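> Output the structure for:
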Amino acid sequence: MRVERRAVLRVLGAAAVAEATGPVFAADRSGPAQAVVSDLQAAMARGTLTSVQLARRYLARIEQIDRHAPRLRSVLEINPQAIQICAALDAERRSKGPRGPLHGIPVLLKDNIATGDSMSTSAGSLALANVKAPKDASLVARLRDAGAVILGKTNLSEWANIRSSHSTSGWSGRGGLTLNPYALDRNPSGSSSGSAVAVAAGLAPVAVGSETDGSIVSPASICSLVGIKPTVGLVSRHGVVPISRTQDTAGPMGCTVADAAALLGAIAGTDPLDQATQVSPVGATDYLKALNRAALNGARLGLVRSAYTGLDAVDALIDLAVAQLKSMGATIVDPVELPDTKQYADAELDVLLYELKAGLNEYLPEFAPGATVRTLADVIAFNERERSRELRLFSQDLLVKAQAKGGLSEPAYRDALALCRRLARAEGIDRALSEHQLDALIAPTGGPAWLTDLINGDTPGASFSTPAAVAGYPHITVPAGFVAGLPIGLSFVGTAFTEAKLIGFAYAFEQATQHRRAPSFAQTASIKG
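Here you go, the predicted structure:
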């Protein structure tokens, strides 16, 4: 981490560090952890803020909060070209005007998203710690075209949490353990741990995470953020370290629905390098147009009561959220049943292991040509050689199981995939929506953050991520309140490519309730919160 710290100081300079101790910009009423993209753009349009100033202030905040007390360890690496890019975008704004809502806005990327620059793309693994990708992931190219500034890379659960069945979320061999800013002894969830923590702590206005099953919506919920897991095929995965070609997707994380919608609009779109995007009926979309305070009026929402957590305080919050939805004109069908995810849990894991082996063996030669690891088998062997650094806390049993799988033509893989799609789609979300004439499903995203335990691993409790993840359908989580100072999220799930509708519902709820609040970096949860 010493190398990255020097990079921060080199980019900032002493004067910039001093300047950055104030709020992100003068007009920000709620402090740096609450700055939203539209306010930042308005300040830059007025000329009271530049992209260079904004980036310097975020970089200083990273230096202060992420590198020092409370030392969150959410940002792995800083882009040493960030200030230079900001200066060019400031000049472009003066001469031509902004490209769009992300012009000059700093964005953090989960470190499984390739950038063709001086930063590494490691998936948190020491095997790829100093490996530079030869080109940008497709979504990164879209961000650059939109005028966004890639500020740096965030820590994650190593290999996006597909390494061990007893892992601790938020830990990677390269970055160590990311801390939860709402209670430092609690877990931030994952695998997009650093992306969620960094945005929640005000280290960037928005970040890109990725999800196979829960890796966006769970940490977003636990960090009082809006997280959008898009339909598989809405956002290109080309250049994202893969787990599953049928479930992987990148998606936005932000403090508000509007911020997440702006980021989604920049990264969504078809890509000839990702076949999944070719079936998308959605072209370039301005998801900001979906922001509608009246969106819930007349909506029909199905409450998946079986997804309740069993924790009285959490479930009471969700009941209050349901009452709020009703008061805004929504009809709630209660309950709506989905197939028990236990019916396809083993099949889902089989699909992921088969696809991990195939996907990683394709990704590494293309995006990590300078690495010593070229295949999944090489990664396993590297970890064994570096056991004292990589395997000291938990094993790599899932990688080993994936390596033992055959190819994607095997009947066992095809049967497992068919079962997952039938139970999650035809007999799951699609059946529920059709049977009850629903616009979306709602449920608690999950429970509050659990205590981090590096010995026994994660104990996350209830989660509503699996149905939409396995189906490949969109899922949005929005803050719904706090229990003992720990955030709780409300989920909206729909059928394929209904992101705009879900964004409207989430925005209406958010604007009516305003549950999100910034973290205080407490040492532990408080029964007063």
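
> Give me the pLDDT for Ala16.
pLDDT for Ala16: 41.

> what do you get for Leu151?
If you check Leu151, the pLDDT there is 98.

> so who does the nearest residue to it once chain neighbours are set aside touch?
Of all residues not flanking Leu151 in the chain, Pro106 sits nearest, at 4.0 Å (CB to CB, 6 or more residues apart in numbering). In this view, the C-beta of every residue, glycine as well, is placed from N, C-alpha and C. Neighbouring residues of Pro106 by CB atoms under 8 Å, 6 or more residues apart in numbering: 51, 54-55, 58, 82, 86, 148-149, 151, 204-205.

> So in the protein, where's the weakest helix or strand by average pLDDT?
helix 14-19 (a mean of 38; mean pLDDT, DSSP states H and E).

> Any idea how far the next helix or strand after that helix is from the middle of the chain?
Moving toward the C-terminus from helix 14-19, the next helix or strand (DSSP states H and E) is helix 37-46. Distance of helix 37-46 from the chain centroid (CA atoms, centre = their mean, to the nearest Å) equals 24 Å.

> Compute the number of surrounding residues for Ser74.
If you count neighbours by other CB atoms under 10 Å, Ser74 ends up with 32.

> Ser38 now?
15.

> Arg186 too?
22.

> quick one: low-confidence parts of this structure?
Residue ranges of the chain with pLDDT under 70: 1-34, 283-284, 529.

> any idea which residue of it is furthest from its center?
Using CA atoms, centre = their mean, the residue of the chain lying farthest from its centre is Ser95. It sits 34.2 Å away.

> Report the separation between it and Met44.
Using CB to CB, to the nearest Å, Ser95 is found at 14 Å from Met44.

> where does the residue most central in space within the chain land in three-state SS?
Geometric centre of the chain, nearest residue: Gly209, 3.0 Å, by CA atoms, centre = their mean. Here Gly209 is recorded as strand under DSSP: H, G, I helix; E, B strand; the rest coil.

> quick one, what contacts it?
Here Gly209 is in contact with 110, 192, 195-196, 215-216, 219-220, 227, 250-253 (CB under 8 Å, 6+ apart).

> Which residues does it form beta bridges with?
Gly209 has these beta-bridge partners by DSSP bridges: Gly251.

> Could you turn the buried ones of the contacts of Pro106 into a ChimeraX selection?
For the buried members of the contacts of Pro106, the matching ChimeraX selection, counting by 16 or more other CB atoms under 10 Å, is:
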select :51,54,55,58,82,86,148,149,151,204,205
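
> can you tell me which of the contacts of Pro106 are in helices?
Among the contacts of Pro106, DSSP state H puts 51, 54-55, 58, 82, 86 in helices.

> could the residues you listed be laid out in TSV, adding distance to Arg174?
Shown next, in TSV, are these (distance: CB to CB, whole Å):
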residue	distance to Arg174
Ser51	29
Leu54	27
Ala55	24
Tyr58	22
Ala82	20
Cys86	26
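
> still on that earlier bit, so which of the contacts of Gly209 comes closest to Pro411?
Ranked by distance to Pro411 (CB to CB), the contacts of Gly209 are led by Ser215 at 28.9 Å.

> From Glu362, how far off is the closest residue to that closest one other than its chain neighbours?
Spatial nearest neighbour of Ser215, chain neighbours left out: Ser191 (4.2 Å); criterion: CB to CB, 6+ apart. According to CB to CB, Ser191 stands 20 Å off from Glu362.

> Between those two, point out the one with more neighbours.
Shown here are Ser191 and Glu362; by other CB under 10 Å, Ser191 has more neighbours (34 against 13).

> contacting residues for the more buried one?
Ser191 is in contact with 110, 156-157, 160-161, 169, 210, 215, 219, counting by CB under 8 Å, 6+ apart.
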